[in-house]
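**Q** Predicted model follows, preceded by the sequence.
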Amino acid sequence: MIEQILLRRGEYHDSVTLLRITQAVAGTPGVTAAQVAMATELNIELTRGLGFEIPDAAPTDLLIAVRAADEDAVRAGLAAVDVAIVAARTPTSTGGGDLAPPRTVRTAAAAAPDAALVLLSVPGSAVLGEALDALDAGRHVMVFSDNVPIEHEVLLKQRAADAGLLVMGPDCGTAVVSGVGLGFANVLTASREPDSGSPKVGIVAASGTGAQQLSCLLDEAGVGVSHVLGVGGRDLSAPVGGRSTLRALAMLDDDPDTGHILVLSKPPDPTVAQRIRAAASGARTPVTTVLLGPGQPDLTTAAETVLSALEVPIPDWPSWGSERAVPEGTSGALRGLYAGGTLADEVMLVAERIVGDLRSNIPLRADLALPESVHARPQLAGAGHAVVDLGDDAFTRGRPHPMIDPSLRLDLLAAQAADPEVRVLLLDVVLGHGAEADPAARLAPAIQRALRTAGRPLSVVIALIGTRGDPQHRDRQAADLTAAGAAVFASNAAAARAAASVALGRAAESTPGERPGTQGEVR
């Protein structure tokens, strides 16, 4: 085998572009291994895991590593890199004839005077100036970018509050505005019905995947969603103070198409949570608050609470192959490998009632934190029960989000299957626009290999977040995953309870607050 490693100093490309370039190189005849990525610590470790020796590099360097059967194949692989980069730089048609696409927010705003919203997806360090230009132009802003300094977020949201505008994000992965999905968004069929028989629900979400779970469950019950306004996972932190949540709540309260409001957040700062609840109490529109934390309802229970408030029957949430999650008397560790941060939070909150503490890179308590080294070399040996949020900023610097590129999670899945401590693997699979086109195509074979080679009782449980209308075809994904040996649940909370019961080797007892109407906060 012949290999070559190149470092191009200061050459930046976004992570999705680099994923496509890597795929193009890997598909070159004779190439046996390839990695094209920004030289972040995690990407260097992953490339070393492929057997490459990497020289000293900076995160701003472009790392190109190619291994092939002979020198001709290596040259062809390197040529494929340049061809793919040129193709990525070639502008696509904007439908504007011969007009050049705008290169700045200011020129884009001037070219589209009726556009009310600017969507930003640029490196986190470059967000501040562009977002300020959008606000100065009188536009709402959705910041898809992650790794934005929190002081920049506070400044932007204060400026937006002063101008009566909304900043969604940073790290706003999901939004639906007047039926148009932005970022990762599911196809909500019930929302398109002219008269579904019940008021539409507007969602304010300091959580992307949490908003997707709730909107998918509502859609399953036939309830439409008017808007999903993502505000970024840090919005209810003490420094940010819920600024965007309060603004979004007021906007939905004034919206004639919204008959019920659902405010969702991953575990918030207590003082900020109190402020949000006070604002909800003063709204004219009924509001359900879902502020995840110990003793609070899970996302499925929250959806059921909203359905009860709307007098809509609660359906039996779909599951496929759930009989495979029946305990067999053999206990062991639960390992959660998650793409969604709020879904990972929910797993810890639900499962801790059954198995006790879970360690994590986004722990419920500081003493449960996994070592910082997990971000550079994801390893969980000896960690006991643990849940890793692979969508955390530390994992996505210079890499696509795991909802787009599952490579890191597939490697970690194989490692957990080989760990004799592990009894059950728990994963989320999130469907919709923007997500991987066919998650089961790579995940199902990986599950089959894991179960075949484990040499001990091992179960795989999956939370499948999606709708029947999603482009990945939810029910077909479920069929492929169950055929591989997994138990699949449309409810993340149900998946967490099933996995926890398997880990203990006995049936899990129900706990207060996990059924409809027991702890939902409707105001």
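**A** Now that the structure is in, tell me what you want to look at. Numbering: from 1, shown residues only.
**Q** contacts, neighbours, all on C-alpha from now
**A** OK.
**Q** quick one, longest helix in the protein?
**A** Secondary structure of the chain read by DSSP state H shows that its longest helix is helix 71-89.
**Q** Just the buried positions in that one, please.
**A** Residues of helix 71-89 classed as buried: 73-78, 80-81, 84-85 (neighbour count, 16 or more other CA atoms under 10 Å).
**Q** can you pull the contacts of the closest residue to residue 38 other than its chain neighbours?
**A** Excluding the flanking residues, the one nearest residue 38 by CA to CA, 6 or more residues apart in numbering is residue 62, at 4.6 Å. Contact analysis of residue 62 by CA atoms under 8 Å, 6 or more residues apart in numbering lists 7-12, 36-39.
**Q** Residue 447 now?
**A** By CA under 8 Å, 6+ apart, the neighbours of residue 447 are 460, 484-486.
**Q** Check those and tell me the two furthest apart.
**A** 460 and 484 (9.6 Å; CA to CA).
**Q** Name the residue in those two with the higher neighbour count.
**A** A count of neighbours by other CA atoms under 10 Å puts residue 460 above the other of residue 460 and residue 484, at 28 against 20.
**Q** Give me the next element, helix or strand, following whatever helix or strand the more buried one lives in.
**A** Per DSSP states H and E, residue 460 falls inside strand 459-465. Sequence-wise, the next helix or strand downstream of strand 459-465 (DSSP H and E) is helix 474-483.
**Q** List the buried residues of that next one.
**A** 474-475, 477-483.
**Q** next one: stretch 428-447
**A** For stretch 428-447, by 16+ other CA under 10 Å, it's 428-436, 439-440, 443-447.
**Q** Can you pull out the low-pLDDT segments for the stretch 1-150 of the chain?
**A** Where the stretch 1-150 of the chain drops to pLDDT under 70, the residues are 90-100.
**Q** Which parts of it are helices?
**A** In the stretch 1-150 of the chain, the helices defined using DSSP state H, counting those that start in this stretch lie at 15-26, 41-49, 71-89, 105-111, 127-136, 150-163.
**Q** can you redo those as a markdown table with distance to residue 496?
**A** Output for the helices of the stretch 1-150 of the chain, formatted as a markdown table (distance: least, CA to CA, whole Å):
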| stretch | distance to residue 496 |
| --- | --- |
| helix 15-26 | 30 |
| helix 41-49 | 28 |
| helix 71-89 | 40 |
| helix 105-111 | 43 |
| helix 127-136 | 36 |
| helix 150-163 | 31 |
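**Q** quick one, helices of the stretch 351-500 of the chain?
**A** So, for the stretch 351-500 of the chain - with DSSP H, counting those that start in this stretch - the helices run 393-396, 407-417, 439-453, 474-483, 492-504.
**Q** okay, those helices in CSV with mean pLDDT and distance to residue 326 next?
**A** Below are those laid out as CSV (pLDDT from 0 to 100; distance: least, CA to CA, whole Å):
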stretch, mean pLDDT, distance to residue 326
helix 393-396, 80, 33
helix 407-417, 92, 19
helix 439-453, 96, 16
helix 474-483, 97, 14
helix 492-504, 96, 6
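**Q** wait, which of those is closest to residue 252?
**A** Across these, closest to residue 252 is helix 492-504 (CA to CA), at 26.7 Å.
**Q** Contacts for that closest one, please.
**A** By CA under 8 Å, 6+ apart, helix 492-504 touches 213, 298-300, 325-334, 343, 346-347, 350-351, 354-355, 423-426, 428, 459, 461-465, 488-489, 507-508.
**Q** Any idea how many residues pack against residue 329?
**A** 13.
**Q** Help me confirm that it comes into contact with residue 458.
**A** No - using CA atoms under 8 Å, residue 329 is not in contact with residue 458; the gap is 11.9 Å.
**Q** Minimum distance to residue 380: which of the helices of the stretch 1-150 of the chain has it?
**A** Nearest of those (CA to CA): helix 41-49, 15.6 Å.
**Q** buried stuff in that closest one?
**A** Buried, per 16+ other CA under 10 Å, within helix 41-49: 41-47.
**Q** That helix vs helix 407-417, what angle?
**A** Between helix 41-49 and helix 407-417, the angle comes out at 60 degrees (axes from the mean of the first three to the mean of the last three CA atoms, to 10 degrees).
**Q** what's the spacing between helix 41-49 and its chain's center?
**A** 22 Å (CA atoms, centre = their mean, to the nearest Å).
**Q** So which elements touch that helix?
**A** Secondary-structure packing of helix 41-49 (3 or more CA pairs under 8 Å, 6 or more residues apart in numbering; DSSP states H and E): no helix or strand packs against it.
**Q** export that helix as PDB, just CAs?
**A** In PDB, the C-alpha atoms belonging to helix 41-49 read as follows (Å, rounded to 0.1, in the frame of the first residue of the first chain):
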ATOM      1  CA  GLU A  41      -7.800  17.500  17.300                       C
ATOM      2  CA  LEU A  42     -10.700  15.100  16.800                       C
ATOM      3  CA  ASN A  43     -10.100  14.800  13.100                       C
ATOM      4  CA  ILE A  44      -6.400  14.100  13.600                       C
ATOM      5  CA  GLU A  45      -7.300  11.300  16.100                       C
ATOM      6  CA  LEU A  46      -9.800   9.800  13.700                       C
ATOM      7  CA  THR A  47      -7.300   9.900  10.800                       C
ATOM      8  CA  ARG A  48      -4.700   8.300  13.100                       C
ATOM      9  CA  GLY A  49      -7.300   5.600  13.800                       C
END
